[in-house]
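> Can you look at this prediction? I've put the sequence above it.
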Amino acid sequence: MDTIRVNGVELRVDGDGFLQDPGFWSEEVAVEFARLDGTGELSPKHWEIIRFIRGFWQESDMAPTVRSLCKQSGLKLQEIYSLFPGGPARGACKIAGLPKPDGCV
């Protein structure tokens, strides 16, 4: 099991860098994940998507589908990839602090 350090706190991540305990997620963690994966500075649109993903997960204990993410955000899939180069699962869900979604290779 790997770890990352954010603001002096060591957090456990899996081999793909997904946070193992979503309860330790914070905006600072999101900023660090975005820096580590090359997403860069998080814009208001990034945060809108991150907050939607977090809220969906907190209500349903699962990541939203790509279709619902596109519908909720009003963005096309290509636009989500431009914001999160790792894509909706590997990029956006990781930055949102979710565990690795099922089916994410």
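Now that the structure is in, tell me what you want to look at. Residues are numbered from 1 along each chain as shown.

> and stretch 87-97, how far out from the chain's middle?
3 Å (CA atoms, centre = their mean, to the nearest Å).

> ditto for stretch 26-40
9 Å.

> Likewise for stretch 22-40?
For stretch 22-40, the distance to the chain centre is 8 Å (CA atoms, centre = their mean).

> ends of that stretch, how far apart?
21 Å (CA to CA, to the nearest Å).

> And for stretch 64-79?
Rule used - CA to CA; the end-to-end distance of stretch 64-79 is 17 Å.

> Just the buried positions in that stretch, please.
64, 69-70, 73, 75 (16 or more other CB atoms under 10 Å). C-beta here means a position set from N, CA and C on the backbone, and glycine is covered the same way.

> I'd like these as a markdown table, with distance to residue 41, secondary structure and pLDDT appended.
As requested, the buried residues of stretch 64-79 are exported to a markdown table (distance: CB to CB, whole Å; DSSP: H, G, I helix; E, B strand; the rest coil; pLDDT from 0 to 100):
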| residue | distance to residue 41 | secondary structure | pLDDT |
| --- | --- | --- | --- |
| 64 | 24 | coil | 91 |
| 69 | 21 | helix | 91 |
| 70 | 23 | helix | 92 |
| 73 | 18 | helix | 87 |
| 75 | 18 | coil | 91 |
